[in-house]
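>>> Need a 3D model of the following:
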Amino acid sequence: MTTMIQNPILRGFRPDPSIVRVGDDYYIATSTFEWFPGILIHHSKDMVNWRIVGHVLNTREHLNMYGMDNSEGIYAPALSYADGKFYCTFSNVHSCRGGAWMSTPSFVVSAESIEGPWSLPVPIGDYGFDPSMFHDDDGKKYMVNMIWDGRAKTNFFNGIVVQEFSKAEGKLVGEPKVVFKGTERGGTEGPQILKKDGYYYLITAEGGTGWDHTVTVCRSENVFGPYELHPDKHILSSRFQEGAPLQRAGHGFLVETQNGEWFLSHLCGRPLLDPTQNYHMGTYGHGRCILGRESAIQNVEWRDGWPYVVGGIVPQLMVQAPELPAHPWPQEEVRDHFDGDKLAPKYQTLRDPVEESWCSLSARPGHLRLVGRDYLYSRYNQSMIAQRLTAHNCIAETSVEFDPTSPRQMAGITAYYSRSGHYFLKTTANDEGKQVVQLVGYLDDVYREFSEEIDVERGKVFMRIELKKHWYIFSYSTDGVTWHQIGPDMNSTPLSDEGSNDIFRFTGSMLALFACDLTGQGLAADFDYFEYQDLGDE
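Next up, the predicted model:
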């Protein structure tokens with residue numbers, strides 16, 4: 001019986017997949033933006049079953065994002081393998097809202113094992129985001145990148161540049177050359193090069209990362225060009241089919257199996273309707289992707305020296321798996337009791353690495369201790385651990401012990417997209433010093449309180465978030481048995497790339513545990529467990 005792959009293969013906020021095969025193993029690196037550690041790595045042996053194996057940028061020496069805003073940080077890493085080593089290129093984008101010119105310092109790191117340790121970053125220019133490294137069969141290496149140009153006449157995207165990189169000297173050498181100016185679709189970015197049968201294939205993303213996103217292919221017999229366009233120009237896009245289940249398809253790269261089969265990895269989004277709006281899903285571009293941009297894969301065939309996606313340009317939900325032995329991974333436990341000595345690799349923090357001073361598994365064994373620091377809206381010093389939403393229906397639950405004496409001390413559970421877009425169920429103290437629970441948050445940069453303060457007894461408070469596609473339902477309990485909804489059903493769709501007037505929104509919704517103490521006393525919250533149940537998308 002034919003085995004099928006169900007897309008997306010990496011669900012939830014995991015965009016810009018860069019895929020590589022090393023022997024019998026497949027790896028995908030995805031973007032992490034302002035979340036730490038940087039660059040999420042996934043592993044598979046059959047391209048059906050995937051697991052998280054870690055991150056590339058694990059220390060502040062590798063990645064400093066202190067004070068960065070929403071959707072800054074790590075854009076579109078590119079993973080490759082040569083000389084018995086893994087290479088990973090990335091840009092650490094600063095000030096993306098700062099005007100026409102943005103700072104995009106780019107780097108390459110390497111490691112003998114995908115799990116590291118990874119070398120310290122080596123600079124490879126500041127041309128733009130989305131750098132990659134191409135390893136030619138003559139031993140030479142090349143940096144490939146888009147050019148970000150802040151001048152008004154360029155519309156910011158000003159072509160693809162290639163420049164040689166000297167491994168011996170650890171730096172770019174020679175002159176950079178613009179090899180491809182893009183098509184009329186515009187927004188040419190995410191370049192990676194593949195060499196096959198004497199041709200250099202340049203695969204780029206075009207059309208922006210929204211509803212017009214596209215994979216474009218061209219080729220040349222010389223790495224510096226000239227490059228000719230694919231007969232169809234674009235090999236993948238969702239813009240040609242109204243209501244396609246996988247929207248925003250683009251940013252792809254090719255991989256060959258050990259049996260000679262070919263696949264294209266790419267990002268996509270699965271939009272939901274905003275239940276407060278009176279439109280339907282009949283026209284592409286409507287809806288909001290609350291899970292963020294996800295990663296999918298498509299079958300590819302070669303004809304006359306060009307790659308084509310099997311089934312046509314519109315991405316498919318179900319594709320044929322390669323002829324490889326099935327290799328499922330052990331299922332992750334639904335409830336994390338925080339019994340280990342380090343956090344599971346699925347968790348990330350905002351901008352900063354985990355440090356014992358504010359996040360501890362040893363201060364109270366069997367608990368996660370978060371020492372309160374800044375509030376959720378701050379760009380600094382947030383005591384939060386978060387995991388991705390992976391389905392449109394799910395339940396997250398925790399219990400927290402916290403002894404606040406001031407309204408400036410808060411701890412609890414949050415559905416978080418950004419500092420200006422989140423819901424937060426907190427336990428805190430009122431003006432009389434009594435412990436209370438309340439549902440608050442930010443929507444489109446406006447602080448709101450969605451419930452009154454409700455008195456609870458001192459001690460452990462249980463908290464739950466249930467997502468039913470369009471709605472988050474928050475509830476609390478004092479005994480873990482009897483639950484009380486707090487606040488109204490909350491619209492999930494504002495917590496999405498499309499849910500704000502801010503155009504710089506590239507991540508996805510997270511579920512997180514959080515503590516804050518604006519008195520400066522560092523009051524700690526102890527979380528006994530974090531439970532996450534993926535209930536699927538139907």
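>>> so what's Gly174 scoring on pLDDT?
At Gly174, the pLDDT value in this model is 97.
>>> Can you name the residues that contact it?
Applying Cβ atoms under 8 Å, 6 or more residues apart in numbering, we find Gly174 in contact with Gln163, Glu164. The C-beta positions use only the backbone N, C-alpha and C, and glycine is treated the same way.
>>> change it to 6 Å
Contact analysis of Gly174 by Cβ atoms under 6 Å, 6 or more residues apart in numbering lists Glu164.
>>> Could you spell out the sheet neighbours of the helix or strand where it lies, each with its direction?
Taking DSSP states H and E as the definition, Gly174 sits inside strand 171-180. Strand 171-180 has the following sheet partners, assigned by DSSP bridges: strand 156-166 (antiparallel).
>>> tell me the mean pLDDT for the partner strand?
The average of the pLDDT scores along strand 156-166 is 96.
>>> residues in contact with that strand?
Contacts of strand 156-166 (Cβ under 6 Å, 6+ apart): 127, 141-147, 149, 172-174, 176-181, 187-188, 191, 224.
>>> Which among those count as buried?
Buried subset of the contacts of strand 156-166 (neighbour count, 16 or more other Cβ atoms under 10 Å): 127, 141-147, 149, 172, 176, 179-180, 187-188, 191, 224.
>>> before we move on, the earlier item: quick one: the strand holding Gly174 to chain centroid distance?
Centre-to-centre, strand 171-180 and its host chain are 29 Å apart (Cα atoms, centre = their mean, to the nearest Å).
>>> What about the buried ones among the contacts of strand 156-166, which are in strands?
The strands, defined by DSSP state E, take in 141-147, 149, 172, 176, 179-180, 191 from the buried ones among the contacts of strand 156-166.
>>> what helix or strand does the closest residue to Tyr201 other than its chain neighbours sit in?
Closest residue in space to Tyr201, ignoring its immediate chain neighbours: Leu194 at 4.6 Å, by Cβ to Cβ, 6 or more residues apart in numbering. Here Leu194, judged by DSSP H and E, is contained in strand 189-196.
>>> That strand packs against which elements?
The helices and strands touching strand 189-196, judged by 3 or more Cβ pairs under 6 Å, 6 or more residues apart in numbering; DSSP states H and E, are strand 141-149, strand 199-206, strand 247-256.
>>> Redo the ones you listed as TSV? Include mean pLDDT and distance to Ile52.
Converted to TSV, the helices and strands packed on strand 189-196 look like this (pLDDT from 0 to 100; distance: least, Cβ to Cβ, whole Å):
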stretch	mean pLDDT	distance to Ile52
strand 141-149	97	27
strand 199-206	98	24
strand 247-256	97	19
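>>> Would you mind finding the most buried of those strands?
Between the helices and strands packed on strand 189-196, strand 247-256 has the highest mean count of neighbours, a mean of 26, where neighbours are mean count of other Cβ atoms under 10 Å.
>>> List the neighbouring strands of that one plus their orientation.
Using DSSP bridges, the strands paired with strand 247-256 are strand 262-269 (antiparallel).
>>> got the angle between the strand it pairs with and strand 199-206?
10 degrees (axes from the mean of the first three to the mean of the last three Cα atoms, to 10 degrees).
>>> how about the CA coordinates for the very next helix or strand once past strand 262-269, as CSV?
For strand 262-269, the following helix or strand on the C-terminal side (DSSP H and E) is strand 294-303. C-alpha atoms of strand 294-303 as CSV (Å, rounded to 0.1, in the frame of the first residue of the first chain):
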residue,chain,number,x,y,z
GLU,A,294,4.1,26.1,8.5
SER,A,295,6.2,23.7,6.5
ALA,A,296,5.0,21.3,3.8
ILE,A,297,6.5,19.1,1.1
GLN,A,298,5.6,18.2,-2.5
ASN,A,299,6.6,15.5,-5.0
VAL,A,300,8.8,16.7,-7.9
GLU,A,301,9.6,15.3,-11.3
TRP,A,302,12.2,16.4,-13.8
ARG,A,303,11.3,17.0,-17.4
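>>> can you redo the ones in strands among the buried ones among the contacts of strand 156-166 as CSV with distance to Glu332?
Listed next are these as CSV, based on distance: Cβ to Cβ, whole Å:
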residue, distance to Glu332
Lys141, 37
Tyr142, 39
Met143, 37
Val144, 36
Asn145, 36
Met146, 36
Ile147, 41
Asp149, 44
Leu172, 41
Pro176, 44
Val179, 43
Phe180, 42
Pro191, 35
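>>> separation between the residue of the chain positioned farthest from its centre and Pro407?
In the chain, counting by Cα atoms, centre = their mean, Glu432 sits farthest out from the average C-alpha position, at 42.0 Å. In this view, Glu432 and Pro407 are 10 Å apart by Cβ to Cβ, to the nearest Å.
>>> and if you look at Ser237?
50 Å.
>>> So if I had to pick from the two, which one is more boxed in?
Per other Cβ atoms under 10 Å, whichever of Ser237 and Pro407 has more neighbours is Ser237, with 27 against 17.
>>> Tell me how far that one lies from Ser113.
36 Å.
>>> Could you do Phe450 as well?
47 Å.
>>> who's more crowded, these two?
Neighbour count, other Cβ under 10 Å: between Phe450 and Ser113, Phe450 has more, with 17 against 11.
>>> Need the phi and psi values for that one.
Main-chain dihedrals, Phe450, degrees, to the nearest 10: phi -100, psi 0.
>>> give me the number of residues near Ala525?
For Ala525, the neighbour count with other Cβ under 10 Å is 27.
>>> With Ala512 instead?
Neighbourhood size, Ala512 [other Cβ under 10 Å]: 26.
>>> Quick check, it in contact with Tyr416.
Yes: using Cβ atoms under 6 Å, Ala512 is in contact with Tyr416, at 5.1 Å.
>>> Mutual contacts of these two, please.
By Cβ under 6 Å, 6+ apart, no residue touches both Ala512 and Tyr416.
>>> Tell me, how many residues neighbour Pro117?
Other residues close to Pro117 by other Cβ under 10 Å number 12.
>>> ok, Leu254 to Gln533 distance?
Counting by Cβ to Cβ, the gap from Leu254 to Gln533 is 36 Å.
>>> before we move on, what about Leu513?
Taking Cβ to Cβ, one finds Leu513 at 16 Å from Gln533.
>>> OK, contacts around Ser451?
So Ser451 contacts Gln438, Leu439, Ile486, Gly487 (Cβ under 6 Å, 6+ apart).
>>> cool, and Leu523?
Taking Cβ under 6 Å, 6+ apart as the criterion, Leu523 is in contact with Gly372, Gln409, Asp517.
>>> does the last one really touch Gln409, like I thought?
Yes: if you go by Cβ under 6 Å, Asp517 and Gln409 touch, sitting 4.9 Å apart.
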